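> Below are the sequence and a predicted model; questions follow.
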Amino acid sequence: MIIFEQKPFEEILGYLANDRSVFLLRCTGCAKVNLANAESDIIDMKGKIEEKGIDITGFAIKGLLCIKAKSVLEDLTETIGNPSSILAMACGLGVQSVAEATDKIVHPACNSFVDKESLERGKREGRCRICGDCVLEFTGGICPLTVCSKRLLNGPCGGTSGGKCEISKEIDCGWMLIYERMKKLGRLEVLKAYLAPKDYRKIQKLT
Amino acid sequence: MGFKEALDSKKFVVTAEIGPIKGTDIQEIMENAELIKGKVDAINVTDLQSSVMRLGSMAVCHLLKDRGIDPIFQLTCRDRNRLALQSDLLSAWVLGIRNVLALTGDHPTMGDHPQAMPVFDLDSVSLLRVIKRLNEGFDMMGNELKGVTDFFPGAVVNPGADTEAAFEMQIVKMGKKIEAGARFFQTQGIFDLDLFEGFMKRAEDFKTPVLGGVILLKSAGMARFMNKNVAGVFVPPPLIKEMEETKDKVKTSIEIAARLIRGMKNICQGVHIMAIGWEKRIPMVLEEAGL
């Protein structure tokens, strides 16, 4: 799940430097985003931009811009007016879909992140790097490309401490998870297998 | 006698480590190298240790070679993809560098450019395989080389890994590294000889020389810092107390290091001294240790 937070207003204002007017489009996201804030966010943004002498031709709050940008923009043909640009308050996917569906300049208003909960539960697509050469057979069904901070294929680095990763005590060392799983499965011998470097041609750009 | 010959001769081998500085003023590291020249069998040059941007290992290795010191070129997978790693290996060879230590490398977030892209295209095991392949006359894609390397490759192991899983994985990875061509090992700093002996018993079957790591303790504070922050390093409380209570920190530091080295003589094939700024004191440590 992707979540997004608004960029600092000064940065957004810089994007709008050459715009006379702007249409605001706020995504309600993919269920995870705080819906209650959508209206106040957009009203707040409208006020701040108008204060700087830039017209707001209108605004809209819509769900799932990543998938629905084209139909959303069609529905808004009447209300959108003729703004210099569209300010998309959405994740990176939403901004790109809106940009694809219009000839106007589309400014991103937000930075996108993966929410911690999804990371922990592993429900996001990021748990698989779509590397085109699956090694899960050798690693107990735990992917070293995504659980190891260094994407190491042949065992942990020397930075493991107390079962945690050298980059943060909050992060489990992926190879410790793999070891424990393989031990439980009685397959520790399999860990001796050499895993060759990845063919990066096969790794899709999206990941 | 070079490093490889020293290991082959079965003598108790001594290596030391120097870390290039941030900048181009090489006067001090060269002075330090001259001071320990002839007292050690080789000098390791670190590759942007702790992910801090510095002068490079290859250039300093080359300078050491010019001064008659056999360098060990430390090469990490952190900053270079497979093209750059192979090219740097060829470059190192033509500059006279013969020993390579293949490492994963610290994560960039540990250093002074934490925004940097972590590369890790290869890992230490695949890098060792690449070195073996270059020695055979081919790049990793099987393309033939015109002029071949003959590197003496080594790797690292961390005998102080602090959980069963971490320790067992160190052994597994050590085996993979040997299979990939590692001919010697240097370890993380060791302060507990009993633990190290236990590790060496496990590693015995590998029949590959291990140089035990010796870090010069500068103070009790440094020991506590390492215990908290450096993976695999554990300074037992009695040693911390010794550093705390001494009136002469340098003398006590040298005594502790020498004691560890004497202990290692019966356990492994040599020592690797990490002086971390105290390189000038290495000759005193070796003298105290009877080497």
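Cool, the structure landed.
> how many neighbours does residue 171 have?
I'll assume chain A. 14 (other C-beta atoms under 10 Å in any protein chain shown). To be clear about C-beta, it is placed using only N, CA and C from the backbone, and glycine gets the same treatment.
> Hmm, no, I was thinking of chain B.
When neighbours are counted by other C-beta under 10 Å, B:Ile171 registers 19.
> list the contacts for the residue lying closest to A:Lys183 once chain neighbours are set aside?
Of all residues not flanking A:Lys183 in the chain, B:Ala165 sits nearest, at 7.7 Å (C-beta to C-beta, 6 or more residues apart in numbering or on different chains). Shown in contact with B:Ala165 (C-beta atoms under 8 Å, 6 or more residues apart in numbering or on different chains): A:Gly163, A:Trp175, A:Met176, A:Tyr179, A:Glu180, A:Lys183.
> where's B:Ala165, which helix or strand?
Taking DSSP states H and E as the criterion, B:Ala165 maps to helix B:164-179.
> Put the alpha carbons of stretch A:90-106 into PDB.
Presented in PDB, the C-alpha positions along stretch A:90-106 are these (Å, rounded to 0.1, in the frame of the first residue of the first chain):
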ATOM      1  CA  ALA A  90      -1.800  11.900  -4.800                       C
ATOM      2  CA  CYS A  91       0.800   9.300  -4.700                       C
ATOM      3  CA  GLY A  92       3.400   8.900  -7.400                       C
ATOM      4  CA  LEU A  93       1.100   6.400  -9.300                       C
ATOM      5  CA  GLY A  94      -1.800   8.900  -9.200                       C
ATOM      6  CA  VAL A  95       0.300  11.800 -10.400                       C
ATOM      7  CA  GLN A  96       1.600   9.700 -13.300                       C
ATOM      8  CA  SER A  97      -1.900   8.500 -14.300                       C
ATOM      9  CA  VAL A  98      -3.200  12.100 -14.200                       C
ATOM     10  CA  ALA A  99      -0.300  13.300 -16.300                       C
ATOM     11  CA  GLU A 100      -0.900  10.600 -18.800                       C
ATOM     12  CA  ALA A 101      -4.600  11.500 -19.100                       C
ATOM     13  CA  THR A 102      -4.200  15.200 -19.800                       C
ATOM     14  CA  ASP A 103      -2.000  17.600 -21.900                       C
ATOM     15  CA  LYS A 104      -1.800  20.000 -19.000                       C
ATOM     16  CA  ILE A 105       1.200  20.300 -16.700                       C
ATOM     17  CA  VAL A 106       0.600  18.200 -13.600                       C
END
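> Helices of chain A, start to end?
Ranges of helices in chain A, per DSSP state H, are A:9-15, A:36-51, A:65-75, A:77-80, A:92-101, A:116-121, A:144-147, A:174-184.
> Worst mean pLDDT among the ones you listed?
Lowest mean pLDDT within those: helix A:116-121, a mean of 63.
> Please list the residues of the stretch 51-200 of chain B that sit near chain A.
When proximity is defined by C-beta under 8 Å from any C-beta of the partner chain, the stretch 51-200 of chain B lies next to chain A at B:77-78, B:82, B:104-107, B:109-110, B:118, B:120-126, B:129, B:156-158, B:161-163, B:165-166, B:168-170, B:172-173, B:175-176, B:179-180, B:188.
> Find the helix or strand that the closest residue to B:Met30 other than its chain neighbours is a member of.
Computed as C-beta to C-beta, 6+ apart, the closest residue to B:Met30 that is not its neighbour in sequence is B:Leu63, at 6.7 Å. According to DSSP H and E, B:Leu63 maps onto helix B:57-66.
> I'd like to know the average pLDDT value across that helix.
Helix B:57-66 comes out at a mean pLDDT of 98.
> Which strands and helices lie in contact with it?
Identification of packing neighbours for helix B:57-66 by 3 or more C-beta pairs under 8 Å, 6 or more residues apart in numbering or on different chains; DSSP states H and E yields helix B:27-36, strand B:42-45, strand B:71-76, helix B:82-94.
> Now A:Gly141. Nearest residue, chain neighbours left out?
Nearest to A:Gly141 is A:Arg181, by C-beta to C-beta, 6+ apart, at 7.0 Å.
> Isn't that neighbour up against A:Pro144?
No. Between A:Arg181 and A:Pro144 there is no contact under C-beta atoms under 8 Å: 11.7 Å.
> Looking only at neighbour counts, state which of these two leads.
Shown here are A:Arg181 and A:Pro144; by other C-beta under 10 Å, A:Pro144 has more neighbours (24 against 14).
> need the contact list for the more buried one.
By C-beta under 8 Å, 6+ apart, the contact set of A:Pro144 is A:Val135, A:Arg151, A:Leu152, A:Leu153, A:Gly174, A:Trp175, A:Ile178, A:Leu195.
> List the contacts of the fourth one.
For A:Leu153, the contacting residues are A:Val135, A:Pro144, A:Leu145, A:Leu195, A:Ala196, A:Pro197, A:Lys198, B:Asp123, B:Val125, B:Ser126, taking C-beta under 8 Å, 6+ apart as the criterion.
> okay, the residue lying closest to it once chain neighbours are set aside: pLDDT?
Leaving aside its chain neighbours, A:Leu153 sits nearest to A:Leu195 (3.9 Å; criterion: C-beta to C-beta, 6+ apart). For A:Leu195, the pLDDT comes out at 97.
> quick one: B:Gly147 from chain A, how far?
24 Å (C-beta to the nearest C-beta, to the nearest Å).
> Need the per-residue pLDDT for that residue.
pLDDT recorded at B:Gly147 is 97.
> Does it belong to a helix, a strand or coil?
State at B:Gly147, reduced to three classes by DSSP: H, G, I helix; E, B strand; the rest coil: coil.
> Can you pull the residues of chain A lying near chain B?
Within chain A, the positions near chain B by C-beta under 8 Å from any C-beta are A:149-163, A:166-167, A:173, A:175-176, A:179-180, A:183, A:188, A:191-192, A:194, A:196-197, A:200.
> Show me which of those are buried.
Listed as buried from the residues of chain A next to chain B are A:149-161, A:163, A:166-167, A:173, A:175-176, A:179-180, A:191, A:197; burial here means 16 or more other C-beta atoms under 10 Å in any protein chain shown.
> Tell me who's in contact with B:Gly277.
B:Gly277 neighbours (C-beta under 8 Å, 6+ apart): B:Lys218.
> what's the answer for the one 4 residues further on, then?
For B:Arg281, the contact set (C-beta under 8 Å, 6+ apart) comprises B:Leu216, B:Val250, B:Ser253, B:Ile254, B:Ala275.
> Scan these and report the most crowded one.
The contacts of B:Arg281, ranked by neighbours (other C-beta under 10 Å): first place B:Ser253, 24 neighbours.
> Surely that residue is in a helix?
Yes. The assignment for B:Ser253, made by three-state DSSP, places it in a helix.
> thought it was touching B:Val235?
No. Judged on C-beta under 8 Å, B:Ser253 makes no contact with B:Val235 at a distance of 11.6 Å.
> tell me the SS of the residue nearest the centre of chain B?
Chain B has B:Gln186 as the residue nearest its centroid, 5.3 Å off, counting by C-alpha atoms, centre = their mean. Secondary structure for B:Gln186, judged by three-state DSSP, is strand.
> Bridged to the closest residue to it other than its chain neighbours, which residues?
With C-beta to C-beta, 6+ apart as the criterion, B:Gln186 has its nearest non-adjacent residue at 4.3 Å, and that residue is B:His272. With beta bridges defined as DSSP bridges, B:His272 has these partners: B:Thr15, B:Gly213.
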